[in-house]
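Trainee: for reference, the sequence and a predicted model appear below.
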Amino acid sequence: MMNAVVKPPRPKLRVATTSLAGCFGCHMSILDIDERLIDLLELVEFDRSPLTDIKHCGPCDIGIIEGGICNSENVHVLREFRANCKTLIAIGACAVNGGLPAQRNHLDLQEILLEIYQAGPVIDLDHARIPDDPELPLPLDKVHPIHEIVRIDYFIPGCPPSGDAIWTFLTELIAGRTPSLPYSQLHFD
Amino acid sequence: MPDSQTPNSQQSALREPTAEQRRHWRLVVEGVIAKHGARPEQLLQILIEIQEELSWLPLKVVTDVAERLSISRARVEGVVGFYSFLHTRPNGRFRVLFSNNIIDRMLGSQTMMDEMCRKLWLQPGKMSEDGLVSIGPTSCTGMGDQGPALLVNGMTITKLTHQRVNLISELIRKDTPLAQWPQDLFAVDDNIQRKDILLNSALKPGDALRAALANGPDALMEEMKKSKLRGRGGAGFTTAQKWDFCRQAPVDEALGRVVVCNADEGEPGTFKDRVLLTRYADLVFEGMTLAAYAIGAKKGFLYLRGEYRYLLAPLQEVLSARRAQGLLGASILSQTGFDFDIEIHMGAGAYVCGEETALLESLEGKRGTPRIRPPFPVTHGYLGRPTSVNNVETLASACLIATQGGDAFAKIGTAQSSGTKLLSISGDCAQPGIYEFPFGATIAEVLEACGATDVQAVQMGGASGVTLAPSEFSRKMAFEDVPTAGAFMIFDSGRDMFEVASNFVHFFAHESCGFCTPCRVGTSLLTGYLDKLSNGYGSKPDLAEIDTLNRVLKSTSHCGLGQAAANPILDGLKKFRPAYEKRMLHQDFEPAFNLDAALERARQITGRDDAGAHILEEQA
């Protein structure tokens, strides 16, 4: 008799990713793990992510956030991720420190908006004004790293972190170990 | 402290000076530099003196100084930027700085500062439009026994009351020159409450030196060893050993060895050196001369903290008198070859310069960044010469040893801590002031002596020391139990120990020299977390972060400042945890600010007030 026990396949971990006030460079770096993406898909399935175009995040094991917090929409998305993801990871300089967008923090918000929408190379100067459509999220007075808004479990620094660093980090985490990057893969620029 | 300025003062800083102004500036620069012989190591002293003349350091003057000393302008600007009492923007004809230590705050310094600001119509940190006055906070001015205290143009005024604040505001408003202010405003009490061998000393100038000279330097060293005297600045290194290392160190005989008296008494809550330098200056200078005799030094420096500027003239007088009596200068007490003289160097508001290598950098006219050790100052100190840096109290104690012998000194105190210790007692007690106790006295004995009841905590050794809870009051003041540099701040049960720790951590963040990242960034992050707790946004995860920061600071900072910066919180969490717990208002993580309020600016700009223009509190 065929008595071999068929092991039920290990349920795949669900992963969600998003880019907030970032440049998608970290997501490009995620793609830089190249053909190992196939191996990764053996272990995980993607929930909300630019890769799936799912609009809202469901219950997940791992959430990966690129970019800092510059407006109200960022806050809502980040809260949604924190509420749904068991482990939340800040990836890249902007998520970790605020990064380039945070360079506006020493300027007044109105000055910046006027510079862009009125003093800049405006096509129709007569009708130029700061956008106030309710469709648009309002900018916060300062840009914040994400750990200043919600609790974050892990940080992967780098602008962006290399594909190898991301691969090391995720495979370690998925294997149930506390991830730590080797010195060669750890950089902040 | 961020350097905030009114547009008006910025304009006047940027406005081209008139030809006459430039002439005046150049004249002052020339005069001061000529007095110091154009030596770059005098840079800090030169800048301090120029600022006293001009009341600020215009950038053109900075350039002139760099040119005249043939050093880079960046170096001069680096020094100006380092010391908080030097500034390249005008701060008004009157610069008022309120001591910000917790003890002064407990005595109402904040209210007094607000009151004076209101009376003079200005905001803290900003200069009045007419260039008359600016008001701000400063680190502990060493007047904890008679606070709240302030500095006006560098001169100390203590025991502030509403009447005094009124009077001072009036004098400022009438633009009365400082010299014409009522002199009793500037009186500083000694407040000596308990005397022992040191403060009871009846030695006359020269007594200790004569005793030492009679037996020779080797005998003096022998007595010093027998005395087991340990440094009174806090670290407790054996003085005889330090002197021994210094006298053994190879030296260029033409330059000689150096004795430095560390009177940069910056540790919050400490003021014992102030009293020694006021009442017992001869003892201190004689101790320096003894050290010079023992190690063979030709040159001595007293590094006096900027906050004690009012002591400069009296100390110079004591030095002159000693020179006249043949106790300083060439052939001291007619002993051929025993040449030694003392120069007073001023600090300019930098706590870190109390660290001996930072102090040496400062003496050399540089930024007060602590050096990497080894080499230690005893072999490579001031300008690379073998240098012994000793605390004021240590040197004064050496006079007792020279006259009464090491054995007599070692009999007092405990096995590992000989002699007596001056305590600067301040805070919640009946009689704050200076208390001299033999080592080995318990905290409880000290508390009883100064009339402190209902005590919740004692901060020993200042902000960087330890916080003691009542269960520890039977412990002894001694290097082998509770070491101290002399500060003894008392907090009764009405005080909030979180506020105390927060005050100290803000102090460290302000005083961090910025050289190493763990301290520069770590102390700022720590203050951020404490402010977060204090503003009602605290949660459990914040405590974990504070814990991590404490460990990073302790294990990776370059010098003692960063390593000690976490102490107040570590002790606080261990011994006064309820003060922290009650600030953990939230179950889970909370931002340190109100998110909806962060949209207010954008709402104003766009005129929006729809639902999307707000961020609601998260539903738990």
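Mentor: That came through fine.
Trainee: report how many residues lie close to B:Val29.
Mentor: 23 (other CB atoms under 10 Å in any protein chain shown). Where you see a C-beta, it was placed from the backbone N, CA and C, and this is true even at glycine.
Trainee: isn't it up against B:Arg68?
Mentor: Yes - using CB atoms under 8 Å, B:Val29 makes contact with B:Arg68 at a distance of 6.6 Å.
Trainee: per-residue pLDDT of B:Gly234, please?
Mentor: At B:Gly234, the model reports a pLDDT of 88.
Trainee: spit out the contact partners of the residue lying closest to it once chain neighbours are set aside.
Mentor: Counting by CB to CB, 6 or more residues apart in numbering or on different chains, B:Gly234 lies nearest to B:Ala485, which is 3.4 Å off, once chain neighbours are set aside. Neighbour list for B:Ala485: B:Arg232, B:Gly233, B:Gly234, B:Glu267, B:Thr270, B:Asn391, B:Gly461, B:Gly462, B:Gly465 [criterion: CB atoms under 8 Å, 6 or more residues apart in numbering or on different chains].
Trainee: pLDDT weak spots in chain B?
Mentor: For chain B, applying pLDDT under 70 flags the ranges B:1-14, B:619-620.
Trainee: run through the strands of it in chain order.
Mentor: B:94-99, B:133-138, B:150-152, B:155-157, B:192-194, B:257-263, B:297-304, B:341-346, B:387-391, B:420-427, B:433-438, B:455-460, B:466-468, B:487-492 (DSSP state E).
Trainee: need the ones you listed in TSV with mean neighbour count and distance to A:Asp132, can you?
Mentor: As requested, those are exported to TSV (neighbours: other CB atoms under 10 Å in any protein chain shown; distance: least, CB to CB, whole Å):
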stretch	mean neighbour count	distance to A:Asp132
strand B:94-99	24	45
strand B:133-138	23	40
strand B:150-152	23	49
strand B:155-157	20	54
strand B:192-194	17	68
strand B:257-263	27	62
strand B:297-304	23	61
strand B:341-346	19	58
strand B:387-391	28	65
strand B:420-427	28	55
strand B:433-438	22	65
strand B:455-460	24	54
strand B:466-468	21	53
strand B:487-492	26	53
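Trainee: can you tell me which of those strands is nearest to chain A?
Mentor: Each of these has some distance to chain A by CB to the nearest CB; the shortest is strand B:133-138, at 21.5 Å.
Trainee: sorry, back to before: any chance of the strands of chain B in a markdown table, with distance to B:Gly528 too?
Mentor: As requested, the strands of chain B are arranged in a markdown table below (distance: least, CB to CB, whole Å):
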| stretch | distance to B:Gly528 |
| --- | --- |
| strand B:94-99 | 24 |
| strand B:133-138 | 19 |
| strand B:150-152 | 28 |
| strand B:155-157 | 32 |
| strand B:192-194 | 40 |
| strand B:257-263 | 32 |
| strand B:297-304 | 33 |
| strand B:341-346 | 34 |
| strand B:387-391 | 34 |
| strand B:420-427 | 27 |
| strand B:433-438 | 37 |
| strand B:455-460 | 23 |
| strand B:466-468 | 22 |
| strand B:487-492 | 24 |
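Trainee: and those strands as TSV, adding distance to chain A?
Mentor: Below are those laid out as TSV (distance: least, CB to the nearest CB, whole Å):
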stretch	distance to chain A
strand B:94-99	26
strand B:133-138	22
strand B:150-152	31
strand B:155-157	36
strand B:192-194	49
strand B:257-263	39
strand B:297-304	37
strand B:341-346	35
strand B:387-391	38
strand B:420-427	36
strand B:433-438	46
strand B:455-460	32
strand B:466-468	30
strand B:487-492	32
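Trainee: grab the nearest non-local neighbour of B:Phe593.
Mentor: Nearest to B:Phe593 is B:Tyr537, by CB to CB, 6+ apart, at 7.3 Å.
Trainee: pretty sure that neighbour contacts B:Leu595?
Mentor: No - using CB under 8 Å, B:Tyr537 makes no contact with B:Leu595, being 10.9 Å away.
Trainee: next up, the contacts around the spatially most central residue of chain B.
Mentor: When chain B is reduced to its mean C-alpha position, the nearest residue by CA atoms, centre = their mean turns out to be B:Gly266, at 1.6 Å. For B:Gly266, the contact set (CB under 8 Å, 6+ apart) comprises B:Ser139, B:Cys140, B:Arg305, B:Glu307, B:Ala350, B:Tyr351, B:Cys353, B:Gly354, B:Glu511.
Trainee: ok, the second one - how many residues close by?
Mentor: B:Cys140 sits with 29 neighbouring residues when counted by other CB under 10 Å.
Trainee: measure it to chain A for me?
Mentor: B:Cys140 sits 31 Å away from chain A, going by CB to the nearest CB, to the nearest Å.
Trainee: could you do the fourth one as well?
Mentor: For B:Glu307, the distance to chain A equals 32 Å [CB to the nearest CB].
Trainee: mind checking how far that residue is from B:Val188?
Mentor: Distance, B:Glu307 to B:Val188, by CB to CB, to the nearest Å: 11 Å.
Trainee: same thing with the first one?
Mentor: For B:Ser139, the distance to B:Val188 under the criterion CB to CB works out to 18 Å.
Trainee: on that earlier part again, show me what contacts the residue nearest to B:Phe593?
Mentor: B:Leu585, B:His586, B:Glu590, B:Pro591, B:Ala592, B:Phe593.
Trainee: of those, closest to B:Leu359?
Mentor: For the contacts of B:Tyr537, the closest approach to B:Leu359 (CB to CB) belongs to B:Ala592, at 36.6 Å.
Trainee: show me what contacts B:Gly406?
Mentor: Here B:Gly406 is in contact with B:Glu222, B:Glu223, B:Met224, B:Lys225, B:Lys226, B:Ser227, B:Lys228 (CB under 8 Å, 6+ apart).
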